[in-house]
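Enquirer: Got a predicted structure plus its sequence, pasted below:
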Amino acid sequence: IIDEVGIGVVEARNRELTTLLLEGCREGGFDLTAADDPIHRSAILMIQHPDAPGAVRHLAEAGIIVDHRPGHVRVSPHFYNTAGEMGIFLERLKSFPG
């Protein structure tokens, strides 16, 4: 699939979704561990959270598959994700009381 779509298209889409998610996180009051310069940022965002494992479980209950690292919810949007899914992710994360 990636060969059909093209790596350049995949990279551009991943960057677009990551930027959208990053902006949504900042607007939602979440702190991030991420490079400020998009050139130095990967398509993985580390969202600081006091109960990252609990937040991941809360997201999984809604079918949102992410992971956690110490003190962070780790999310990595990929070219097949939609902007709407980024919004759903953010709303679900905001609804977790952690």
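Expert: Nice, thanks for sending it over. Numbering: from 1, shown residues only.

Enquirer: With adjacent residues omitted, what lies nearest to residue 43?
Expert: Of all residues not flanking residue 43 in the chain, residue 14 sits nearest, at 4.0 Å (Cβ to Cβ, 6 or more residues apart in numbering). Every residue, glycine included, has its C-beta placed from N, CA and C.

Enquirer: again, but for residue 9
Expert: residue 79 (7.1 Å).

Enquirer: Distance of the one you found relative to residue 86?
Expert: 13 Å (Cβ to Cβ, to the nearest Å).

Enquirer: Tell me the residues that contact both of these two, please.
Expert: residue 17 (Cβ atoms under 8 Å, 6 or more residues apart in numbering).

Enquirer: ok, back up a step: for the residue nearest to residue 9, which three-state class applies?
Expert: Here residue 79 is recorded as coil under DSSP: H, G, I helix; E, B strand; the rest coil.

Enquirer: Which helix or strand lies directly C-terminal to the stretch of helix or strand residue 47 belongs to?
Expert: Here residue 47, judged by DSSP states H and E, is contained in strand 45-48. The helix or strand immediately downstream of strand 45-48 is helix 52-60, counting by DSSP H and E.

Enquirer: Name every strand pairing with the following helix or strand past that next one and say which way it goes.
Expert: Where DSSP H and E defines the elements, the next helix or strand beyond helix 52-60 is strand 67-69. Here strand 67-69 is paired, per DSSP bridges, with strand 72-75 (antiparallel).

Enquirer: what sits up against stretch 4-22?
Expert: Contacts of stretch 4-22 (Cβ under 8 Å, 6+ apart): 2, 32, 34, 38, 41-45, 75, 77-79, 81, 83, 86, 89-90.

Enquirer: typed the wrong thing, it's stretch 60-79
Expert: Here stretch 60-79 has contacts from 5, 9-10, 13-14, 17-18, 21, 33, 42-50, 52-53, 55-56, 59, 85-86, 88-89, 92-93, using Cβ under 8 Å, 6+ apart.
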